[in-house]
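Enquirer: Take a look and give me a structure for this.
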Amino acid sequence: MLQSQKITVLIPTYNEAPRLPRVLEVVCKIKWVDEVVVIDSHSQDGTLDVARSFPVEVIPLDKDRGKGAALAEGIRLKKDSDIYVFLDADLIGLTEEHVLALVKPLIEDPSLAMTIGVFERGRRLGDLAQKFFPILNGMRGVRGEWVRNLPDFSWTRFGVETFLTRVALENKANVEFPALPGLAHYHKEEKYGFFLGFYHRIKMYKEIVQTLFLYKKRIENWPKLVGEGEKHGVMV
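Expert: Model (predicted):
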């Protein structure tokens, strides 16, 4: 059944050169994945060179427009995919089984719109955050037809997961939360150092809260992500 669906993995990146290889080494070996696409938000650390050393398609953006814009761009350019898999570039312990856990429910249940992975037995702080705020997890499987008909979410930046979850709940779309045992990701303080990492963490939370405040305004009379939205380009 996996072969009957076109499955595209989308990986948004921004300055992830040291961590990206661990993710690409796994997904590039999955035979039932049709495409792996890295959408880079104008990294300055060699992330593009790392991505281009793997058999993936690389989409370089002209500036850092945020995670939401990167995912939106990937969907627009790969608009014939049946299922998209969203993966972060800084994952620790990723396996083919984790990717399958995100995809398999969508294949088995045609009424399902999205899967949201939940970390288990990975890293203590990450697991705790997942327990109380699973809607923030970026590891997702998304049905292509459903997501392409959503309002354009290019403006959401790190609030993209919050946006996707809220629009699914408000429209009573079916969502499942498969467990991803042993999977985790690097904390921002590990990647950037304590002070700069803390700054990036606060910035992320700000973008999430901003998405919640702007949600109603942006969802009404907003162009679709694919179709009408293509005429407008990326909106901020």
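
Enquirer: From here on, just use CA atoms for contacts and neighbour counts.
Expert: Noted.

Enquirer: gap between the spatially most central residue of the chain and F195?
Expert: Closest residue to the average C-alpha location of the chain: F86 at 3.5 Å, with CA atoms, centre = their mean. Distance of F86 to F195, given as CA to CA, to the nearest Å: 28 Å.

Enquirer: Check E108 too.
Expert: Taking CA to CA, one finds E108 at 45 Å from F195.

Enquirer: Can you name every helix or strand that the helix or strand containing V85 contacts?
Expert: Per DSSP states H and E: V85 is located in strand 83-86. Judged by 3 or more CA pairs under 8 Å, 6 or more residues apart in numbering; DSSP states H and E, strand 83-86 is in contact with strand 7-13, helix 96-108, strand 140-143.

Enquirer: TSV for those, including mean pLDDT?
Expert: Converted to TSV, these look like this (pLDDT from 0 to 100):
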stretch	mean pLDDT
strand 7-13	98
helix 96-108	97
strand 140-143	98
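
Enquirer: Save the ones you listed as JSON lines, and put in distance to A173 and mean neighbour count too.
Expert: Output for those, formatted as JSON lines (distance: least, CA to CA, whole Å; neighbours: other CA atoms under 10 Å):
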{"stretch": "strand 7-13", "distance to A173": "20", "mean neighbour count": "25"}
{"stretch": "helix 96-108", "distance to A173": "12", "mean neighbour count": "18"}
{"stretch": "strand 140-143", "distance to A173": "11", "mean neighbour count": "26"}
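
Enquirer: Which residue ranges of the protein form strands?
Expert: For the chain, applying DSSP state E gives strands covering 7-13, 35-40, 57-60, 83-86, 91-92, 112-116, 118-120, 140-143, 174-176, 179-181, 184-185.
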